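Chemist: Build me a model:
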Amino acid sequence: MTEFLRHLPKIELHCHLEGSMSSATVRALAARHAADHSAVWDGEIPDHFSFADFPDFGRQYLFGLGLLRDEEDLARATDDHAAILAAQNVRYAELTTTAYSHLRVGGMAPEVYRDGLNEGRRRAAERGVTIGWVVDIPRDLEMPDETVTIEYLESGRTPDGLVGIGLGGYEVGFPAAPYADHFARATALGLHSLPHAGETEGADSVRQAVDDLGAERIGHGVRVLEDAELTKQLADTGVFCEVCPTSNSLLGVVDSLTDHPLPRMIEAGLRVSLNTDDPGWFDTDLLTELRIGSEVLGLTDADHLRLQRDALDASFAPVDVRAAIAAELAQFESDPTA
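Modeler: Got it, this is the predicted structure:
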C-alpha cells in the first residue's frame, strides 16, 4: 500500500504556505535574520514541531510567520515546500497565503510580496510542481469593515497563478456572512470562492459559506454532517470538501483519527480530498495523510485513485496541466508499477 501511494500522482488543494514551513526552513530563515527563538523553544529549534495546546501552536506559528520578511524568504519557503511535494509525486498544489499578515502586519510592500510568490512558483515549476495561489482573508484578524485583502486583489499587483479567494482563521465568533461583499468583489475579478468552514464551528458556518459566499469548495467542512439537509445539498451540487485529518485531530476538531468523519462524508455522497493544512507545523505530509486514509479510515487503492481524480476535477489547474495529470493517472491505473 505504501508503495502504491508513494508512486500515485497527486494533487493537493488545502495547504497554507505559511503553515508549510518545515523545521529546516525555519532554522535557515532564523539564521538568515539572526532571529532569537528563545521565547518559543528552549535550546535549538527542534527537528520536528509539536505543541501542548493551541496557544503553544500559535506562538510557534507566529515565530515562523515573522521570518517571512522579504522576497527571498517567500521564494525560499515556497521552493522548500515544493521540494517536499515533488518527492511525493505531487504534480499540482493550490497553496493558500495570507496577504494581510504580510502587507498589514509585516509591512511588506505589495510588489515584494507578489515577486516573492512568483519566484517561488517559478522554482517549484523547475521541480515539476505547478502551484496555484489562493489569497485568504484571516477572519479573526481582518474584520469585515477592513478591505486590505480585497483591495490588494483588485490592485493588479497579484502573483501569477492566482485562482481564488479564501476565508481562514478561527470561525467561532467570526461568521462568514459579513464577508459576502468581499467575495462578490473577488469573484467579479474571476477568482473562485474557496472559504474555510465547518472546522471549529458547526454546519451553519458551512451554510453561510455556500449561501453567502458562493463557495465552490469548502476548506475542511467536516462538521457539515451535523445537518443532513445541508449535507445532501452539498452532495447534490458537488460542492467539494478539502479534508485534513491530522490537522483536525491535533486541533481538537475530532477526538482522534479513528473518529474522523471522512468515511461518513464519502458514504453521504460528498466529494472530498485528503490534504495537509499546515504540514510543517503538524509534522505531516500528503503521503502521510493518504496512509491515514488507508490504515485508519479504510480507503482502498481504488478509493485513492478516485479521490485524486476528484481533486483534479475540483482544482483550478491550467488546462494543459490538468490534461497531463489526467493522462498520468490513467497510465498509473493501468500499471501502478511502471
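
Chemist: can we go C-alpha only for contacts and neighbour counts from here?
Modeler: Will do.

Chemist: Now do the contacts for Phe282.
Modeler: Taking CA atoms under 8 Å, 6 or more residues apart in numbering, we find Phe282 in contact with 49-50, 246-247, 250.

Chemist: For those, point out the one with the lowest pLDDT.
Modeler: pLDDT across these is lowest for Ser50, at 89.

Chemist: Provide a list of residues in contact with it.
Modeler: By CA under 8 Å, 6+ apart, the residues touching Ser50 are 57, 281-283.

Chemist: change it to 6 Å
Modeler: Counting by CA atoms under 6 Å, 6 or more residues apart in numbering, Ser50 touches no other residue.

Chemist: May I have the secondary structure class of Ser205?
Modeler: helix (DSSP: H, G, I helix; E, B strand; the rest coil).

Chemist: wait, isn't it in contact with Glu199?
Modeler: No - Ser205 lies out of contact with Glu199 (CA atoms under 6 Å); the separation is 8.6 Å.

Chemist: Leu141 and His16, how far apart?
Modeler: Leu141 sits at a distance of 16 Å from His16 (criterion: CA to CA, to the nearest Å).

Chemist: Between these two, tell me which one has more neighbours.
Modeler: Higher neighbour count among Leu141 and His16: His16, with 23 against 15, using other CA atoms under 10 Å.

Chemist: Chain neighbours aside, what residue packs nearest to the more buried one?
Modeler: Once flanking residues are discounted, His16 sits nearest to Thr96: 4.6 Å by CA to CA, 6 or more residues apart in numbering.

Chemist: What pairs with the helix or strand hosting that neighbour, parallel or antiparallel?
Modeler: Applying DSSP states H and E as the criterion places Thr96 in strand 90-97. When pairing is defined by DSSP bridges, strand 90-97 lines up against strand 10-16 (parallel), strand 130-138 (parallel).

Chemist: Adding distance to Asp115 and mean pLDDT as columns, could you present these in a markdown table?
Modeler: Listed next are the strands paired with strand 90-97 as a markdown table, based on distance: least, CA to CA, whole Å; pLDDT from 0 to 100:
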| stretch | distance to Asp115 | mean pLDDT |
| --- | --- | --- |
| strand 10-16 | 18 | 98 |
| strand 130-138 | 13 | 98 |
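
Chemist: now these in CSV, with distance to Thr25?
Modeler: Below are the strands paired with strand 90-97 laid out as CSV (distance: least, CA to CA, whole Å):
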stretch, distance to Thr25
strand 10-16, 15
strand 130-138, 19
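
Chemist: Out of these, which gets nearest to Arg104?
Modeler: strand 130-138 (11.7 Å; CA to CA).
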